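Visitor: Just the structure for this:
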Amino acid sequence: MSDGNAAADAVVLEARGLERRFREGSLDVSVLKKIDLEIRRGDQIAVVGASGSGKSTLLQLLGGLDLPTGGGVSIHGEDWSAMSDTRRGVMRNRHLGFVYQFHHLLPEFTALENVAIPLMIRGLSTRRAQAEAAGWLDKVDLSERERHKPSELSGGERQRVAIARAMVTRPAVILADEPTGNLDRDRAGKVFTLLQAMNRETGTALVLVTHDPALAARMDRTLHLTDGQLQGAGD
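Guide: I've put the predicted structure just below:
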């Protein structure tokens, strides 16, 4: 294998023996049990499972938004649990993009400003960050809406802004939690197609939690989360 192929096939996010338990008083619930998962550059992975099966918990652990009670998750070989809160924030900003069912745009800012914020957090000037943001809004066909606030956008438009915001830092992985769950089927299909196009164009890995088997079937791999265990992760 050449160095270029090795880089293209590199593991960017990895879970080993991942466990998450929730304890409150006498209640002790094991949500995730000994999960192993490798996410490589360019991967398209759907995670499906019943409501309450732990899909969102898995995504939070992969993204360093929560820490495991057993095992670990590493990004580019660095374990989330070994990092300070500041370091985790830097690594998320540098390597990850997040898309949720509800867009989580900041209502007081325009579409352009919302997309630029991750780059400004990184230290780019407002002018440069907004120039990059404008380019990504153009990619999601929202150039004419960049000065509009979220309340002035449709549901599908808001979700496309959220995708542009997730992609603007050119992350290694996008973690998407039911990103089309709040949209009708037509808008959902368009948003999903956009996510896949970004994946193919940039090599950013896409991990999608969904309850929709039709969307999952369009991904390269589908993993099933059942009784706290991930089926198909070793395929």
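
Visitor: so what's the residue located most distally from the centre of the chain up against?
Guide: Each residue of the chain has a distance to the centre, and by Cα atoms, centre = their mean the biggest one is for residue 26: 33.6 Å. Shown in contact with residue 26 (Cβ atoms under 8 Å, 6 or more residues apart in numbering): no residues. Bear in mind the C-beta positions are built from the backbone N, C-alpha and C, glycine included.

Visitor: any idea how far it lies from residue 225?
Guide: Residue 26 is 26 Å from residue 225, where distance means Cβ to Cβ, to the nearest Å.

Visitor: Same check on residue 42?
Guide: With Cβ to Cβ as the criterion, residue 42 and residue 225 are 22 Å apart.

Visitor: isn't residue 60 right up against residue 66?
Guide: Yes - with contact defined as Cβ atoms under 8 Å, residue 60 and residue 66 form a contacting pair (4.2 Å).

Visitor: Now do the helices in this protein.
Guide: Listed in chain order, the helices of the chain (DSSP state H) span 3-8, 55-62, 85-95, 111-122, 126-139, 155-167, 185-202, 213-217.

Visitor: Residue 123: how many residues sit nearby?
Guide: Neighbourhood size, residue 123 [other Cβ atoms under 10 Å]: 9.

Visitor: Tell me which residues touch the closest residue to residue 174 other than its chain neighbours, please.
Guide: Nearest non-adjacent residue to residue 174, counting by Cβ to Cβ, 6 or more residues apart in numbering: residue 97, 4.3 Å away. When contacts are counted by Cβ under 8 Å, 6+ apart, residue 97 is found next to 165-167, 169, 171, 173-175, 204.

Visitor: now for the residues you listed, which pair is the farthest apart?
Guide: The span of the contacts of residue 97, defined through Cβ to Cβ, is set by 165 and 173 at 15.0 Å.

Visitor: Could you check how far the residue positioned nearest the centre of the chain is from residue 107?
Guide: Ranked by distance to the mean C-alpha position of the chain (Cα atoms, centre = their mean), the top residue is residue 175 at 1.4 Å. Per Cβ to Cβ, residue 175 is found 23 Å from residue 107.

Visitor: and if you look at residue 187?
Guide: 20 Å.

Visitor: These two: which is more packed in?
Guide: For residue 187 versus residue 107, the count of surrounding residues by other Cβ under 10 Å is larger for residue 187: 17 against 8.

Visitor: pretty sure residue 10 is touching residue 39, no?
Guide: No - using Cβ under 8 Å, residue 10 is not in contact with residue 39, being 10.2 Å away.

Visitor: So which helix or strand of the protein has the lowest pLDDT on average?
Guide: helix 3-8 (a mean of 47; mean pLDDT, DSSP states H and E).

Visitor: any low-confidence regions in this protein?
Guide: 1-9, 182, 232-235 (pLDDT under 70).

Visitor: between the helices of the chain, which one is nearest to residue 15?
Guide: helix 55-62 (6.6 Å).

Visitor: Check which helices and strands the closest one is in contact with.
Guide: strand 11-24, strand 27-40, strand 44-48, strand 173-177, strand 205-209 (3 or more Cβ pairs under 8 Å, 6 or more residues apart in numbering; DSSP states H and E).

Visitor: how about a cut-off of 6 Å?
Guide: strand 173-177 (3 or more Cβ pairs under 6 Å, 6 or more residues apart in numbering; DSSP states H and E).

Visitor: follow-up on the earlier one: gap between the residue farthest from the centre of the chain and residue 57?
Guide: Using Cβ to Cβ, residue 26 is found at 21 Å from residue 57.

Visitor: before we move on, the earlier item: any of the contacts of residue 97 buried? List them.
Guide: 165-167, 169, 171, 173-175, 204 (16 or more other Cβ atoms under 10 Å).
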